[in-house]
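Asks: the sequence and its predicted three-dimensional model are supplied below.
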Amino acid sequence: MKDDQCIFCKIAAGEIPSKTIYEDEEFRVILDLGPATKGHALILPKDHYKDLFELPEEKAEKVIRLAKKMAAAMKENLHADGFNIIQNNSECAGQTVFHFHMHLIPRYEGDKQKIGWIPGKPSQEELEEIRKEIVGEA
Ligand code: AMP
Ligand code: ZN
């Protein structure tokens, strides 16, 4: 379940060196080379899944458990004031490496990073239409 062309497969397998902050049989957690803030890390499954939609449910459960554990340790040891957990799927959503990964981003008062979106202003009717579309009532 590895992809020969995938850099995160190679990093997760230890074939390319990384700054590893956690490792077990199924996951490696590394420091991001282009960090948003001090300590920005990535959870990588050792098997290759392109994105969340390919990730098996049991791995997804483990990822969120690991994210919680890592976030708590990083918040404590780096004295972070807050935390973002982000996971991008597809180019249009900002994914640039097509091996599932979850971003762990410690936040610090005044760190000036912007992680967000431009809020829309939907009416109650529009929200209701969207709700129906999602749950299959449309
Ligand atoms: P995304 O845009 O969600 O696909 O995130 C990809 C992330 O991987 C970015 O934050 C990059 O800085 C990071 N990245 C890319 N290559 C490497 C690498 N070789 N080692 C560590 N982080 C990397
Ligand atoms: Zn891969």
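Replies: In hand now; what should we look at? Ligands and ions are numbered 1, 2, ... in the order given.

Asks: every contact and neighbour count from this point should use C-alpha atoms.
Replies: OK.

Asks: where does the protein dip in pLDDT?
Replies: The chain contains residues with pLDDT under 70 at 1.

Asks: need the longest helix for it.
Replies: Counting residues, the longest helix found in the chain (DSSP state H) is helix 57-78.

Asks: tell me which residues of that one come out buried.
Replies: By 16 or more other Cα atoms under 10 Å, the buried positions in helix 57-78 come out as 63, 66-67, 70-71, 74-75.

Asks: before we move on, what about stretch 42-62?
Replies: By 16+ other Cα under 10 Å, the buried positions in stretch 42-62 come out as 42-52, 55.

Asks: do it and ligand 2 meet at all?
Replies: Yes - for stretch 42-62, a contact with ligand 2 is found by Cα under 5 Å from the ion, at residue 48.

Asks: got a list of contacts for that stretch?
Replies: 1-3, 8-9, 12-13, 25-32, 63, 67, 88-90, 98-104 (Cα atoms under 8 Å, 6 or more residues apart in numbering).

Asks: quote the end-to-end distance of it.
Replies: One end of stretch 42-62 sits 14 Å from the other (Cα to Cα, to the nearest Å).

Asks: same check on stretch 49-57?
Replies: 12 Å.

Asks: got the contact list for the residue positioned nearest the centre of the chain?
Replies: Centroid check for the chain by Cα atoms, centre = their mean gives residue 102 as the closest residue, at 1.8 Å. Taking Cα under 8 Å, 6+ apart as the contact definition, residue 102 lies against 42-44, 85-88.

Asks: from these, which is closest to ligand 1?
Replies: residue 88 (4.8 Å; Cα to the nearest ligand atom).

Asks: what is the burial count for the closest one?
Replies: Applying other Cα atoms under 10 Å, we find 18 residues neighbouring residue 88.

Asks: same check, this time on residue 28
Replies: Residue 28 sits with 22 neighbouring residues when counted by other Cα under 10 Å.

Asks: quickly find the element holding it.
Replies: Counting by DSSP states H and E, the element that carries residue 28 is strand 27-31.
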